[in-house]
Every structure is written in C-alpha cells, then in structure tokens.
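> Return atomic coordinates for the entry below.
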Amino acid sequence: MASNEDAPRSIWSAMDDGRSTDELHAEADRLFQKLDLDGDGSVSIDEMRANLIGLGYKAELIEKVFTAVDTDNTGTISEDELRIAYVRYATLRTAPGLGGAVRE
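Coordinates of the predicted model:
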C-alpha cells in the first residue's frame, strides 16, 4: 500500500481543488471520526451504511465506495486508507455525508 506521502492526487485533475495534502488529511481525519461510530479505530461497512443510507445513498453505491477505499480488503477502512482515498478521489471531498459533511 502507498504511504500517505506517495498517494497520488485526484485521478480527475480537473476536480482537484488544489488544497495541500496536509489539509486533506486533516479533513479526512474529521470524516473518519464521524464514520467510526463505535470508536474502535476502523470503519465497517455497517458504520458506513449507518452514516449514508439516511442521506439517500443506495446500498450498492455504499458498497462500491467502501470497496474502493478498503484497499487491503480487510472488511474495514483504516484511517490511513481513508486519507489516501480522500486525496485520490476528489468526489469523496464533496459528497453529502462524506467530505461534504465535514466541510459544512
């Protein structure tokens, strides 16, 4: 797995807002705290569903996002995985209930 420093920027450069990696990591950390409902240091698919289903997200989309972020395929998302995905996928930064929730 890539380290935080090696994480590529957004795969859609036109959508990258140009904020520093440190700023994005701080925002991702706030999102992680919001998603980690039981405070165990990881985000499960159930925690992600609990945060997003009420916002109108379909179960299939939640699963797709979760799978994309859970790069080590452990069935949970670590803080490091979320940081890397947050830098890489600009859409996570604005999506309601995800980045949009910590920027409100």
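> Next one: Glu47 relative to Glu23, how far apart?
Glu47 sits 25 Å away from Glu23, going by CB to CB, to the nearest Å. In short, each C-beta sits where N, CA and C put it, glycine included.
> Could you do Glu60 as well?
The span separating Glu60 from Glu23 equals 31 Å under the rule CB to CB.
> ditto for Ala95
If you measure Ala95 against Glu23 using CB to CB, the figure is 17 Å.
> quick one, which of the two is more surrounded?
Ala95 (17 against 11; other CB atoms under 10 Å).
> got the contact list for the more buried one?
Residues near Ala95 by CB atoms under 8 Å, 6 or more residues apart in numbering: none.
> Let the chain start at 31 from now.
Renumbered: residue one is now 31, and that last one reads Ala125.
> Tell me the confidence at it?
Ala125 carries a pLDDT value of 90.
> How about Arg49?
On the pLDDT scale, Arg49 gets 80.
> Let me know how buried it is, in neighbour terms.
Taking other CB under 10 Å as the neighbour definition, Arg49 ends up with a count of 12.
> Would you quantify the distance from it to Ser72?
25 Å.
> And for Lys94?
Note on Lys94: its distance to Ser72, by CB to CB, is 19 Å.
> Neighbour count: these two, which is higher?
Taking neighbours as other CB under 10 Å, Lys94 and Ser72 compare with Ser72 leading, 19 against 11.
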